[in-house]
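Colleague: predicted structure and sequence below. I'll ask about it afterward.
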Amino acid sequence: MSRSLLALLLALGLAGCAAQRPRAAPPAPVAASVDVVRHGELWTADFHLPRPAPAWVFVHSSATRDGELPWREHDWTVETPGVRLERRGRFDLLVAENGAPVPAEVRLRFRPFAHDLLSDSAPALAFSTGAIALFSRQFDLFALSDPAAAEQLPPDLSGPNLDFTRTRASFRDEAGPILYAGRRVSSISLDDEDGTYVLFGPAAPRVSGGIAAIIDPALPAWLRDALVRDTPAILGHLSAALGPPPGAEPVLMVSWAGPTPRRVAMTGSVLPNLLQMTFEGEGVLRENPGLRDHALWFIAHESAHFWLGEAVAYQYARDAWITEGGADLLAFRLVSEVEPAYDGRAELQKAIDDCVRISAGRGVAAAEESGDQRASYACGTVFGLVAEAASHRPFGAFVRRLVDENRADRVLTREEWLAGLTRVSHDPSLAADIARLIDQGAPDPASVIASLFSRAGVRYARAEDGRPRLL
Ligand SMILES: [Zn+2]
């Protein structure tokens, strides 16, 4: 019996949000290139390697979520004689026999691998229509002078001595146009850093509310209907509150991995202007409000990052409360609006409770830096509640002004956020207390938060243990 059958699993494979990283260094020069072509059932990848090297390392080599196994060795076949795929440490490599350099032209044949990975986007998404979406960056590789050195490479490939360059990947389908960024094109060539999904085969994007949704028609109807109805509403509300989205029209891709027994799972990932979700399990066949709410929260939170994260980013990672808490409060408000059965107040209360716990004797910034990601979500939401109440307007209005004022330099600093709070509240003590929670925490954070709520006008009562309880 496979591991996936053993547990009733609500796999929320959404570890952290990638949408608001600090901006990366200038792009590395393009080195290798690859032509990926679908010929009906057969897929080929022709690599063009710019110089001789004993090994080429695949950047995206994360193991599978189920079983933690390498995935290329079963589904990728090297056709070029004398070249093989090899697993070294955490990475897949192309190497030549007898230590010779890998030739300049290498052809692989592959089956798209449509399963979740531990720490990366799924290499492919399979739709019940036969359409396949490929993650564009799965072909990225770089040269290594000694294959054995791959065993010492750090998982994130940080380090000074790597010959790290960009791979240009081109995609084409012999059967006709492919879908890129919501539009049909005959082929596309990509060398961006974050990647996207390029879709091969039939799909009719449903464009509404400023988002193009591609939802597997076999997805259980209760869930498909909720996504079709609520996703444009969420994006429409966001655009109305925050102004036009900053980038190209966003795309939502939702695939259905089938009714695996004893499982109810949703996984998702976020790429620039693209949200991707996969549902799986017999538990998804029945209407499940918790799963629906979580899916809508995911869409709302991640879409909010198109503004709070992409249009403006935070300055330092320790300031992630600005974008995570901001996106969460926006999401709780939005989902409550579009889905009346959703209990947004319970989520807000959870944020308050978690922030009280996290900031006891320790600053929110220090908690974030020590890896407690919940700190930014929970306390950022609490700070947003203070700004919302103090401004006597929806939280979106507070965010919109901050986004608009910082679109030019694309950075929203902590000082700018706190100054925005003082501007709407005319009470500098709010910003001062929040700054202290961020830097030092408090011996009794429940009292500090209660006092913030009192001054800002958030309605609450104190629970027996002193925690502020929203009314
Ligand atoms: Zn986020």
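Modeller: Sure, I can see it. Numbers count the residues shown, from 1 in each chain.

Colleague: so where is the stretch 351-471 of the chain shaky, pLDDT-wise?
Modeller: Scanning the stretch 351-471 of the chain for pLDDT under 70 picks out no residues.

Colleague: do the same with the stretch 101-250 of the chain
Modeller: In the stretch 101-250 of the chain, residues with pLDDT under 70: 159-164.

Colleague: in what helix or strand does the most centrally placed residue in the chain lie?
Modeller: Centroid-nearest residue in the chain: residue 270, 3.0 Å away (criterion: CA atoms, centre = their mean). Element membership of residue 270, judged by DSSP states H and E, is strand 265-271.

Colleague: and that strand, how far out from the chain middle?
Modeller: 7 Å (CA atoms, centre = their mean, to the nearest Å).

Colleague: each with direction, which strands does the helix or strand just after that strand pair with?
Modeller: As assigned by DSSP H and E, the chain's next helix or strand after strand 265-271 is strand 274-280. Strand pairing for strand 274-280, determined by DSSP bridges: strand 251-256 (parallel), strand 265-271 (antiparallel).

Colleague: ok, back up a step: tell me what the residue nearest to the centre of the chain is bridged to.
Modeller: residue 275.

Colleague: for this structure, what's the longest helix?
Modeller: In the chain, with assignment by DSSP state H, the single longest helix is helix 221-242.

Colleague: let's see that one as PDB, backbone CA atoms only.
Modeller: Below are the C-alpha coordinates for helix 221-242, written out as PDB (Å, rounded to 0.1, in the frame of the first residue of the first chain):
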ATOM      1  CA  ALA A 221     -18.900  20.500  -9.100                       C
ATOM      2  CA  TRP A 222     -19.500  22.000  -5.600                       C
ATOM      3  CA  LEU A 223     -15.900  23.100  -5.600                       C
ATOM      4  CA  ARG A 224     -15.700  24.200  -9.200                       C
ATOM      5  CA  ASP A 225     -18.800  26.300  -8.800                       C
ATOM      6  CA  ALA A 226     -17.400  28.000  -5.700                       C
ATOM      7  CA  LEU A 227     -14.100  28.800  -7.500                       C
ATOM      8  CA  VAL A 228     -15.900  30.000 -10.700                       C
ATOM      9  CA  ARG A 229     -18.200  32.200  -8.700                       C
ATOM     10  CA  ASP A 230     -15.900  33.500  -6.000                       C
ATOM     11  CA  THR A 231     -12.500  33.900  -7.700                       C
ATOM     12  CA  PRO A 232     -13.600  36.800 -10.000                       C
ATOM     13  CA  ALA A 233     -15.500  38.300  -7.100                       C
ATOM     14  CA  ILE A 234     -12.300  38.300  -5.000                       C
ATOM     15  CA  LEU A 235     -10.200  39.800  -7.700                       C
ATOM     16  CA  GLY A 236     -12.900  42.400  -8.500                       C
ATOM     17  CA  HIS A 237     -13.100  43.400  -4.900                       C
ATOM     18  CA  LEU A 238      -9.300  43.700  -4.700                       C
ATOM     19  CA  SER A 239      -9.100  45.800  -7.800                       C
ATOM     20  CA  ALA A 240     -11.900  48.100  -6.600                       C
ATOM     21  CA  ALA A 241     -10.200  48.500  -3.200                       C
ATOM     22  CA  LEU A 242      -6.500  48.700  -4.300                       C
END
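
Colleague: next, the buried residues of it.
Modeller: Buried positions in helix 221-242, judged by neighbour count with 16 or more other CB atoms under 10 Å: 222-224, 226-228, 230-239, 241-242. The C-beta positions use only the backbone N, C-alpha and C, and glycine is treated the same way.

Colleague: ok, residue 440 - how many residues close by?
Modeller: 15 (other CB atoms under 10 Å).

Colleague: and if you look at residue 437?
Modeller: Residue 437 has 24 nearby residues by other CB under 10 Å.
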